[in-house]
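Chemist: Got a sequence here, can you build the structure:
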Amino acid sequence: MAFGKNVEIYIDEPIILEDALDAIKKLAVASIKEEGCLWFKFAQNKEDPRHIFMWEVFKDLDSFKEHHKQQHTINFIEQKLFRKIASINLDVDF
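Modeler: Modelled structure (predicted):
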């Protein structure tokens with residue numbers, strides 16, 4: 001069973017939405033290259049494009065923990081481009 005994370009975030013004003021989306025895209029591209037990352041996708045809410053959903057799947061919890069030690073993940077979090085609304089851990093049959 002793989003480890004998954006469903007994260008719901010919001011990009012508040014005055015942060016420029018395109019800048020935040022660019023940072024998320026860069027995070028996704030770098031994350032999927034990690035050895036333990038099986039899947040990393042995100043989507044915008046059609047009614048409110050500042051409302052973002054992210055889905056991450058790693059081969060196991062240790063791989064997910066390693067993901068949070070990676071410089072690209074640290075840089076993304078430190079930019080403070082969003083506020084977290086919800087986060088759910090999932091067992092994923094991947």
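
Chemist: hey, what's residue 58 bridged with?
Modeler: Here residue 58 sits in beta bridges with residue 3, residue 37, going by DSSP bridges.

Chemist: residues touching it, list them.
Modeler: Going by Cβ atoms under 8 Å, 6 or more residues apart in numbering, residue 58 touches 2, 3, 4, 36, 37, 38, 64, 67. From N, CA and C alone the C-beta is placed, and that goes for glycine too.

Chemist: hmm, try it at 6 Å
Modeler: Applying Cβ atoms under 6 Å, 6 or more residues apart in numbering, we find residue 58 in contact with 3, 36, 37, 64.

Chemist: which of those residues lies closest to residue 16?
Modeler: The closest of those to residue 16 turns out to be residue 37 (Cβ to Cβ; 27.2 Å).

Chemist: what residues are up against the residue nearest the centre of the chain?
Modeler: The structure's the chain has its C-alpha centroid closest to residue 54; by Cα atoms, centre = their mean the separation is 4.9 Å. Going by Cβ under 6 Å, 6+ apart, residue 54 touches 7, 42.

Chemist: what's around the closest residue to residue 27 other than its chain neighbours, how many residues?
Modeler: Excluding the flanking residues, the one nearest residue 27 by Cβ to Cβ, 6 or more residues apart in numbering is residue 76, at 4.5 Å. When counting by other Cβ atoms under 10 Å, one arrives at 20 neighbours for residue 76.

Chemist: Surely residue 76 and residue 25 touch.
Modeler: No. Using Cβ atoms under 6 Å as the test, residue 76 is too far from residue 25 to be in contact (10.6 Å).

Chemist: hang on, residue 23 is in a helix, isn't it?
Modeler: Yes. Per DSSP: H, G, I helix; E, B strand; the rest coil, residue 23 lies within a helix segment.

Chemist: residue contacts, it?
Modeler: Counting by Cβ under 6 Å, 6+ apart, residue 23 touches 76, 79, 81.
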